[in-house]
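coords please:
(one chain, ligands or ions: 1)
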Amino acid sequence: MNIHYFSGEAWEEQYVREKLPNESITFHTESLDASPDLSDAETTVLCIFIDSHIGEAELARFPALKLIATRSTGFDHIDLAAAKAHGVTVCNVPFYGENTVAEFAFALILALSRRIIDADERVRTGVFSPDGLRGFDLAGKTLGVIGTGHIGAHVIRMAQGFGMKVVGFDAYPNADLAHTLGFAYAPLPDVLAQSDLITLHVPYNEHTHHLINAGNISTIKKGAYLINTARGAVVETDALVAALKAGTLAGAALDVLEEEGDLADELSLLTSPHPNEAAIKTVLEDHYLIDHPRVIVTPHTAFNTQEAVERIIDATAANITTFASGAPTNVVAQKK
Ligand code: NAI
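Residues are numbered from 1 along each chain as shown. Next up is the predicted model:
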C-alpha cells in the first residue's frame, strides 16, 4: 500500500513505521488541508486526523485511492457519499479509550463546579483568598447524559462515583446498560428540564446538527451547565450565546466549537474568494464564548493522552492491515 500519513507528530513517524513495516509511508506533520497542492496518482491510502477534510476535490487529487483511515472516532470531516461513489472505503477508530474522553468531560465538570480556572488565575495574580470562588457539590445533582454510547456510559459510571443522579437520552436507548448502571432514560425535553449539568456524547451528523438549538435551549433548567466534548455543531452557537446572556445557562465548558476549523485559520476564512458569512458570524460568537467569564474553552483535546493516541495509531494500523488483507475492519463507508 502507498500511504500518505497526515498530521503526525514527529515521534509518531518511527512508531507508525514499526507498526506497518511492509508499507510505503509518506509522513506529513501537516494536515491534508494544509497541503492544498499535493496530489499523487499512486496513493492508495490516506491516513488522516480530523483536521483533514476530504470531499470530491480531495478525492480527485488521489485517483488510485482505496482507503481513508481516520485516526478518530468522528468521521464528519469526510464526505462519505463521495468516498463511496469513488469506491473508497472509510474506516475509523470506534473506541480507543472511552475513559480518556470521559475523564476529560469530568475534568471540565469539576472545573465548572469548583471554579478551578478562576481559582488558579486568582492565585497567579498574587491574591490567596477563596472570596467569591464558592462552587457547588456534584453529589445529589442530576447529570443529563445525551448519548449513552462508549463515552457516555463511562461518564455515567463516573457520575455515580460522585453520588450524582443520572438521566440519559439516546436515539437508541440501551435497556441493559440502564439496568446495569442503574440510571433512567427520558425524552430529550425532560433531560433538558431536569438536569443541573448536561453533557453531550453523540456523534455529529444530520440528525444531531444543532441538537441543542434556539427552539429547546430555553427549556433547560435555569442555572444549569452545558458540557460539550462531542462536536461543536451539535450545539447551535447563536442559541448558546443567547442562553448564557439570558442566564438560562449558568456556564458552559466546551472542548469543541462550531467552525473550530475556521477559528484556527481565521486569515484564510477572511481572505478566501467566497467568505462564508455564516461561518464568520459563528467564529465571532466563538470569540465571545472564549472571552466569557463563565465559559471554559479547550482546543479539542479531550482525546489527547499519550495512551489514547498510541491506541488510536495501533487501531488505525490494524485497520490498514486488515483492509490490505481483504477483510476490512471498522468500516463506516464502503462501495456497495
Ligand atoms: P458511540 O457511537 O459509542 O456513542 C454515541 C451514542 O450516541 C450512541 O449510543 C448512539 O445511539 C447515540 N446517538 C446517535 N445519534 C443520536 C441522536 N440523533 N440522538 C441521540 N442519540 C444519538 O460514540 P462515542 O465513542 O461515545 O463518541 C461520541 C462522540 O464523541 C464521537 O462521535 C465524537 O464526535 C466525540 N469525540 C470527541 C473527542 C474529543 O477529543 N473531543 C474524542 C472522541 C470522540
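
Next, the contact list for residue 187, please.
Taking C-beta atoms under 8 Å, 6 or more residues apart in numbering as the criterion, residue 187 is in contact with residue 169. C-beta: built from backbone N, CA, C; applies to glycine.

swap in residue 117?
Neighbour list for residue 117: 111, 296 [criterion: C-beta under 8 Å, 6+ apart].

Does the host helix or strand of residue 82 reach the ligand?
Element membership of residue 82 [criterion: DSSP states H and E] is helix 80-85. No. Residues of helix 80-85 contacting the ligand under C-beta under 6 Å from any ligand atom: none, with a closest distance of 13.7 Å.

and for that helix, what are the contacting residues?
Counting by C-beta under 8 Å, 6+ apart, 54-56, 59, 68, 89-90, 332-336 sit against helix 80-85.

backbone phi and psi for residue 165, please?
phi -90, psi 140 (degrees, to the nearest 10).

mind starting the numbering at 597 from now?
All right, first residue 597 from here; so that's residue 761.

ok so, going back, in the helix holding residue 678, what's buried?
676, 678-679 (16 or more other C-beta atoms under 10 Å).

and after that helix, which helix or strand comes next?
Helices and strands here follow DSSP H and E; after helix 676-681, the next one along the chain is strand 685-687.

Mind listing the strands that following strand pairs with, and their directions?
Its sheet considered, strand 685-687 pairs with strand 663-666 (parallel), strand 927-929 (antiparallel) by DSSP bridges.

so which of these is the most packed in?
Of the strands paired with strand 685-687, the one with the most neighbours on average (mean count of other C-beta atoms under 10 Å) is strand 663-666, at a mean of 25.

and it, average pLDDT?
For strand 663-666, mean pLDDT rounds to 98.

Ok, stretch 766-786 next?
Average pLDDT, stretch 766-786: 98.

what's downstream of whichever strand or helix holds residue 866, the next helix or strand?
For residue 866, the host element (DSSP H and E) is helix 862-867. Helices and strands here follow DSSP H and E; after helix 862-867, the next one along the chain is helix 873-887.

Convert the C-alpha atoms of that next one to CSV, please.
Presented in CSV, the C-alpha positions along helix 873-887 are these (Å, rounded to 0.1, in the frame of the first residue of the first chain):
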residue,chain,number,x,y,z
GLU,A,873,-20.7,35.0,6.2
ALA,A,874,-22.4,32.5,8.5
ALA,A,875,-19.1,30.9,9.4
ILE,A,876,-17.6,34.4,10.1
LYS,A,877,-20.5,35.1,12.4
THR,A,878,-20.0,31.8,14.2
VAL,A,879,-16.3,32.5,14.6
LEU,A,880,-17.1,35.9,16.1
GLU,A,881,-19.5,34.1,18.5
ASP,A,882,-16.8,31.6,19.3
HIS,A,883,-14.6,34.5,20.4
TYR,A,884,-17.5,35.7,22.6
LEU,A,885,-17.5,32.3,24.3
ILE,A,886,-13.8,32.1,24.7
ASP,A,887,-13.8,35.5,26.4
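
What lies in contact with the helix or strand following it?
Using DSSP H and E, the helix or strand that directly follows helix 873-887 along the chain is strand 891-893. Contact with strand 891-893 is made by 704, 707-708, 713, 840, 847-851, 853, 882, 885-886, as judged by C-beta under 8 Å, 6+ apart.

how about strand 891-893, does it reach the ligand?
No. Strand 891-893 lies out of reach of the ligand by C-beta under 6 Å from any ligand atom, never closer than 12.2 Å.

Could you report the separation of residue 841 from the ligand?
According to C-beta to the nearest ligand atom, to the nearest Å, residue 841 and the ligand sit 26 Å apart.

That residue sits in which helix or strand?
Using DSSP H and E, the element containing residue 841 is helix 833-842.

Next: residue 702.
Secondary structure assignment for residue 702, by DSSP H and E: helix 694-709.

Then residue 749?
Assigned by DSSP H and E, residue 749 falls within helix 746-757.

That helix: how far from the chain's middle?
Put simply, helix 746-757 sits 17 Å off its chain's centre (C-alpha atoms, centre = their mean, to the nearest Å).

List the buried residues for it?
For helix 746-757, the neighbour count (16+ other C-beta under 10 Å) marks 746-752, 754-755 as buried.

near the ligand too, which of the residues you listed?
Near the ligand, judged by C-beta under 6 Å from any ligand atom, the entries from the buried residues of helix 746-757 are 746-748.

returning to that earlier point: which one of the buried residues of helix 676-681 is nearest to the ligand?
Relative to the ligand, the closest of those is residue 676; by C-beta to the nearest ligand atom it sits at 13.7 Å.
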